[in-house]
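Enquirer: For reference, the sequence and a predicted model appear below.
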Amino acid sequence: MVPVSEAFLGHATPAPRWYVHRLNRPAVYRIGAAVAGVLPRAIRLWAAQAVAAVTAGRFPAEREVVRQMLRRVVNGAAPMR
């Protein structure tokens, strides 16, 4: 049996590189899902905005990866700040 990656590429590819940080854990996602399930939509949106504002500067590598991807995918897009 040939792995799918070898069947199409002719050679094995390295495992994907995932970004790891202390908030990227199953328990954090479970807690977030449980809390989000009981909050009204307006409060969920406010909380998401607040968390994004607080954590935005803490993940520069992830933000740069997203910027690079958007440059490739969205032709003619203005540079993001």
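Expert: Cool, the structure landed. Source: prediction; values computed, not measured.
Enquirer: model confidence over stretch 45-56, on average?
Expert: Stretch 45-56 carries an average pLDDT of 90.
Enquirer: what does that stretch rub up against?
Expert: 23, 39, 63 (Cβ atoms under 8 Å, 6 or more residues apart in numbering). In short, each C-beta sits where N, CA and C put it, glycine included.
Enquirer: let's see it at 10 Å
Expert: Residues external to stretch 45-56 that are found in contact with it (Cβ atoms under 10 Å, 6 or more residues apart in numbering): 21, 23, 32, 35-36, 39-40, 63.
Enquirer: With secondary structure and neighbour count added, can I get these in JSON lines?
Expert: Compiled in JSON lines, the contacts of stretch 45-56 are given as follows (DSSP: H, G, I helix; E, B strand; the rest coil; neighbours: other Cβ atoms under 10 Å):
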{"residue": "21", "secondary structure": "coil", "neighbour count": "11"}
{"residue": "23", "secondary structure": "coil", "neighbour count": "12"}
{"residue": "32", "secondary structure": "helix", "neighbour count": "15"}
{"residue": "35", "secondary structure": "helix", "neighbour count": "12"}
{"residue": "36", "secondary structure": "helix", "neighbour count": "13"}
{"residue": "39", "secondary structure": "coil", "neighbour count": "12"}
{"residue": "40", "secondary structure": "coil", "neighbour count": "8"}
{"residue": "63", "secondary structure": "helix", "neighbour count": "13"}
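Enquirer: how about stretch 51-67 as PDB, C-alpha atoms only?
Expert: In PDB, the C-alpha atoms belonging to stretch 51-67 read as follows (Å, rounded to 0.1, in the frame of the first residue of the first chain):
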ATOM      1  CA  VAL A  51      -9.800  38.600  23.200                       C
ATOM      2  CA  ALA A  52      -8.500  39.400  19.700                       C
ATOM      3  CA  ALA A  53      -7.500  42.900  20.800                       C
ATOM      4  CA  VAL A  54      -5.600  41.600  23.800                       C
ATOM      5  CA  THR A  55      -3.800  38.700  22.000                       C
ATOM      6  CA  ALA A  56      -3.200  40.200  18.500                       C
ATOM      7  CA  GLY A  57       0.300  41.300  19.300                       C
ATOM      8  CA  ARG A  58       1.300  38.100  21.000                       C
ATOM      9  CA  PHE A  59       1.400  36.000  17.800                       C
ATOM     10  CA  PRO A  60       3.500  37.800  15.300                       C
ATOM     11  CA  ALA A  61       4.600  34.600  13.500                       C
ATOM     12  CA  GLU A  62       1.000  33.500  12.900                       C
ATOM     13  CA  ARG A  63       0.000  37.000  11.800                       C
ATOM     14  CA  GLU A  64       2.800  37.000   9.200                       C
ATOM     15  CA  VAL A  65       1.800  33.600   7.900                       C
ATOM     16  CA  VAL A  66      -1.800  34.900   7.400                       C
ATOM     17  CA  ARG A  67      -0.500  38.000   5.600                       C
END
